[in-house]
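J.: Following is a predicted model, sequence given first.
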Amino acid sequence: MSLRSQIFELWEELSFPWKLLWLSFCSIPPTVARLYREHKVDTLLSPSRFQEAWFNDFWGKIGGELKAGAVDLVLPLLDGRVEGGKVLDEPVGPGIGGVCIELGAGSGFWVDIFSDKHLESNAKSKRTRVTRAYGIEPNRDQHVNLRKKIAEAGLEDQYEIVPVGIEDLGDPTKWGNKIEKESVDCIVSIRCLCSIPEPQRNIKELYGYLKKGGRWYVFEHVRADTPAALRLYQGKYINIQA
């Protein structure tokens with residue numbers, strides 16, 4: 001790769017968070033207009049409910065593009081073919097299977113990764129069949145599109161929407177069901193840990209749901225260790241701490 005290409009790629013990576021912020025800001029007027037047309041004045045007047053509606057509209061538009069740019073990395077990760085951040089030809093560990101939690105299911109752009117079609121798409125995959133998937137998504141504005149994606153993937157009998165936060169996964173009074181501690185084979189988180197509240201506490205809580213020998217498949221933003229200027233930029237301006 002030429003120096004010019006490397007500089008351009010670096011610029012693309014550094015400017016990407018700011019592009020997202022700008023696009024999210026630009027989605028505010030359409031969300032306001034939609035809620036006004038639907039006579040949802042109560043949502044317009046509630047900061048928390050408006051934020052959820054805005055979040056839903058924004059990610060509903062951009063989520064597909066973000067998936068397209070990441071799918072060639074995510075699928076090998078779930079096949080067990082990633083080590084040290086690099087995609088390998090041969091598996092180096094087990095893939096997803098059994099009982100799974102999807103953290104931050106959103107509008108459902110990644111729901112299909114749990115379908116049986118991926119068992120047949122790659123002979124080198126170490127996946128096994130996903131028997132049950134729990135999609136954690138407290139934002140109920142996302143659920144309409146999420147249900148559509150579940151149906152499109154043919155997972156109505158396997159995939160259950162969990163409409164509460166991590167702290168309530170084991171409380172049936174909050175959502176009519178519960179996930180038992182040490183009952184989950186795999187957790188999958190795709191670009192969502194940066195948005196969960198109290199990440200250190202909630203990540204520790206999630207680990208308690210994994211069986212002994214369970215796996216957590218992580219595709220997230222990461223902190224650069226070098227150079228120092230880039231580490232400072234991430235920590236100060238775009239809030240990537242670890």
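T.: Received it, and whenever you're ready, just let me know what you need.

J.: from here on, contacts and neighbour counts on C-alpha atoms
T.: Will do.

J.: Next, the contact list for residue 77, please.
T.: 87, 95, 217 (CA atoms under 8 Å, 6 or more residues apart in numbering).

J.: between these, which has the most around it?
T.: residue 95 (21 neighbours; other CA atoms under 10 Å).

J.: Please tell me how far that residue sits from residue 157.
T.: Per CA to CA, to the nearest Å, residue 95 is found 21 Å from residue 157.

J.: tell me how far stretch 34-44 is from the chain's mean position?
T.: Stretch 34-44 sits 28 Å away from the centroid of its parent chain (CA atoms, centre = their mean, to the nearest Å).

J.: Which single one of the contacts of residue 77 is nearest to residue 49?
T.: residue 217 (30.6 Å; CA to CA).

J.: Not counting sequence-adjacent ones, nearest residue to that closest one?
T.: Leaving out its chain neighbours, the residue that sits closest to residue 217 by CA to CA, 6 or more residues apart in numbering is residue 188, at 4.9 Å.

J.: list the contacts for that neighbour?
T.: 100-103, 216-218.

J.: SS state for it?
T.: strand (DSSP: H, G, I helix; E, B strand; the rest coil).

J.: Break the chain into its domains for me.
T.: Domains of the chain are assigned by the TED database as 3-62, 71-219.

J.: Now do the helices in the protein.
T.: Under the criterion DSSP state H, the chain carries helices at the ranges 3-26, 28-37, 41-44, 47-79, 117-121, 143-152, 172-175, 199-207, 228-237.

J.: Can you list the helices and strands that the third one packs against?
T.: It stands for helix 41-44. On a contact count with 3 or more CA pairs under 8 Å, 6 or more residues apart in numbering; DSSP states H and E, helix 41-44 meets helix 28-37, helix 47-79.

J.: ok, back up a step: tell me the one among the contacts of residue 188 nearest to residue 80.
T.: residue 217 (9.3 Å).

J.: wait, that closest one sits on residue 78?
T.: Yes - here residue 217 reaches residue 78: they are 6.9 Å apart, a contact under CA atoms under 8 Å.

J.: just to revisit the earlier point, will you turn the contacts of residue 77 into TSV that also has pLDDT and distance to residue 116?
T.: Converted to TSV, these look like this (pLDDT from 0 to 100; distance: CA to CA, whole Å):
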residue	pLDDT	distance to residue 116
87	91	22
95	94	13
217	96	18
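
J.: Centroid-nearest residue for the protein?
T.: residue 190 (3.4 Å; CA atoms, centre = their mean).

J.: Number of residues surrounding the closest residue to that residue other than its chain neighbours?
T.: Residue nearest to residue 190 in three dimensions, not counting chain neighbours: residue 219, with 4.8 Å by CA to CA, 6+ apart. Residues within reach of residue 219, counting by other CA under 10 Å, total 18.

J.: Would you check that residue 219 makes contact with residue 75?
T.: No - contact criterion CA under 8 Å: residue 219 and residue 75 do not qualify, at 10.4 Å.
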